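[1] Just a sequence and a predicted model for now, questions to come.
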Amino acid sequence: MSVDETLANVEALFARTEDLRAKLEQTDDPDAANGILEQLTELLKEVEAEIRKARQQAESGAGA
């Protein structure tokens, strides 16, 4: 996977976080909010892993 593909994955993950954030703002149910926060936590871990992967690819020249 190239750096560009990895960054595209990061952008898609960020879009998903934005969707979840919007859902969180719209809910008044504490249980639903907790579930959304758990989803956001997992999604942000994926974002972090993808960013780390892109950085490693860029440093190794894999995306050139």
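    Looks like it came in fine.

[2] quick one: low-confidence parts of the chain?
    Per-residue confidence for the chain (pLDDT under 70) gives these ranges: 62-64.

[3] Tell me which residues of the longest helix along the chain come out buried.
    Looking across the chain with DSSP state H, the single longest helix is helix 30-60. Neighbour counts over helix 30-60 (16 or more other Cβ atoms under 10 Å) mark 36, 39, 40, 43, 47, 50, 53, 54, 57 as buried. C-beta here means a position set from N, CA and C on the backbone, and glycine is covered the same way.

[4] Near residue 27, how many other residues are there?
    13 (other Cβ atoms under 10 Å).

[5] got the contact list for it?
    The neighbours of residue 27, taking Cβ atoms under 8 Å, 6 or more residues apart in numbering as the test, are 33, 36.

[6] repeat for the one 10 residues further on
    When contacts are counted by Cβ under 8 Å, 6+ apart, residue 37 is found next to residue 24.

[7] From residue 46, how far out is it?
    Distance, residue 37 to residue 46, using Cβ to Cβ, to the nearest Å: 15 Å.

[8] Also residue 58?
    Applying Cβ to Cβ to residue 58 and residue 46 gives a distance of 19 Å.

[9] same question, residue 25
    21 Å.

[10] One more: residue 20?
    12 Å.

[11] Same question for residue 26.
    In terms of Cβ to Cβ, residue 26 sits 23 Å off from residue 46.
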